[in-house]
Each structure stands twice: as structure tokens, then as C-alpha cells.
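K.L.:
Could you work out the structure for the sequence below:
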Amino acid sequence: MTDQPLKSAFELAMERLRAKDTAAGIEARPLTDEQKAAIAEARSFYDAKIAEIEVLHQSKVRRVADPEARALMEQEFRHDRERLVSDREAKIARIREHRD
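P.N.:
Numbers count the residues shown, from 1 in each chain. Purely as a prediction, here's the structure:
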């Protein structure tokens, strides 16, 4: 028996993913401080935008009594929120891919 502690399922999964990446020729490079700062800024910006549209949406919904109009507003809100989340993730991916 070895003296090493047992690994969690997460640790085992991460090892398998790293091995798969290595076999595929994908090189893991840590993010630079500039990239970390840019990612934090992007997350902050988009989280603020999402919070803003949520507050505006709640304000509008409170003034509308018609269920059909509310349903349409909910659908528009979900669409806008999904777009912002998608934009945020795309921006973060671009930041991660950019290497100086």
C-alpha cells in the first residue's frame, strides 16, 4: 500500500483531461497577470450589464398586469441576458487565446 492519500473524483477527472490534452498536443499555459485583469474586467462589465437589465426588467414587469405582455417581456429579458452571457464568454475566450 502507498502512503499517498486517495484522490477525489474531481482530481482523477482533471488528470484524465490533462492526459487527453497532452495526447492531443494541447499545451497548457498559465494566464498572464494582464489576461487575468482583462478577464476580471470583462466579467465585472458584463455582470453589471446583466444586473442593469434585470433591474429594468423587474421595474417594467411590476407595471404590467397582462399575462401575455409579461410573458413576452420575460422572453425578451431571457434573450437579452443570454446574449450578454454569450458575449461575455466569447470575450473571455478571446482574452485567453491572445498570447503576446
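K.L.:
do you know how far Arg63 is from Glu74?
P.N.:
14 Å (C-beta to C-beta, to the nearest Å). To be clear about C-beta, it is placed using only N, CA and C from the backbone, and glycine gets the same treatment.
K.L.:
Compare those two (neighbour count), which wins?
P.N.:
Glu74 (12 against 7; other C-beta atoms under 10 Å).
K.L.:
Spatially, what comes nearest to the more buried one if we skip its sequence neighbours?
P.N.:
Ranked by C-beta to C-beta, 6 or more residues apart in numbering and with sequence neighbours excluded, the top spatial neighbour of Glu74 is Val61, at 7.6 Å.
K.L.:
In contact with the one you found, which residues are there?
P.N.:
70, 73-74 (C-beta atoms under 8 Å, 6 or more residues apart in numbering).
K.L.:
Against His98, how distant is it?
P.N.:
39 Å.
K.L.:
Okay, strands next: where are they in the chain?
P.N.:
Counting by DSSP state E, the chain has no strands to list.
K.L.:
Which secondary structure element of it has the lowest mean pLDDT?
P.N.:
Ranked by mean pLDDT, DSSP states H and E, the weakest helix or strand in the chain is helix 9-23, scoring a mean of 88.
K.L.:
From the rest of the structure, what touches that helix?
P.N.:
7, 28.
K.L.:
Please state the offset of it from the chain centre?
P.N.:
Using C-alpha atoms, centre = their mean, to the nearest Å, the distance from the centre of helix 9-23 to the centre of the chain it belongs to is 21 Å.
K.L.:
Contacts only, for the residue most central in space within the chain.
P.N.:
Residue closest to the mean C-alpha point of the chain, counted by C-alpha atoms, centre = their mean, is Glu89 at 5.1 Å. If you count contacts by C-beta under 8 Å, 6+ apart, Glu89 has none.
K.L.:
From Phe77, how far out is it?
P.N.:
19 Å.
K.L.:
now swap in Arg88 and tell me
P.N.:
For Arg88, the distance to Phe77 (C-beta to C-beta) stands at 16 Å.
K.L.:
still on that earlier bit, convert the least confident helix or strand of the chain to PDB, retaining C-alpha atoms only.
P.N.:
Presented in PDB, the C-alpha positions along helix 9-23 are these (Å, rounded to 0.1, in the frame of the first residue of the first chain):
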ATOM      1  CA  ALA A   9     -13.200  12.100  -8.300                       C
ATOM      2  CA  PHE A  10     -12.500  15.700  -9.400                       C
ATOM      3  CA  GLU A  11      -8.700  15.200  -9.100                       C
ATOM      4  CA  LEU A  12      -9.000  12.000 -11.200                       C
ATOM      5  CA  ALA A  13     -11.100  13.700 -13.800                       C
ATOM      6  CA  MET A  14      -8.700  16.600 -14.100                       C
ATOM      7  CA  GLU A  15      -5.800  14.100 -14.500                       C
ATOM      8  CA  ARG A  16      -7.600  12.400 -17.300                       C
ATOM      9  CA  LEU A  17      -8.400  15.700 -19.000                       C
ATOM     10  CA  ARG A  18      -4.700  16.800 -18.800                       C
ATOM     11  CA  ALA A  19      -3.600  13.400 -20.200                       C
ATOM     12  CA  LYS A  20      -6.100  13.800 -23.000                       C
ATOM     13  CA  ASP A  21      -4.900  17.300 -23.800                       C
ATOM     14  CA  THR A  22      -1.300  16.200 -23.800                       C
ATOM     15  CA  ALA A  23      -2.100  13.300 -26.200                       C
END
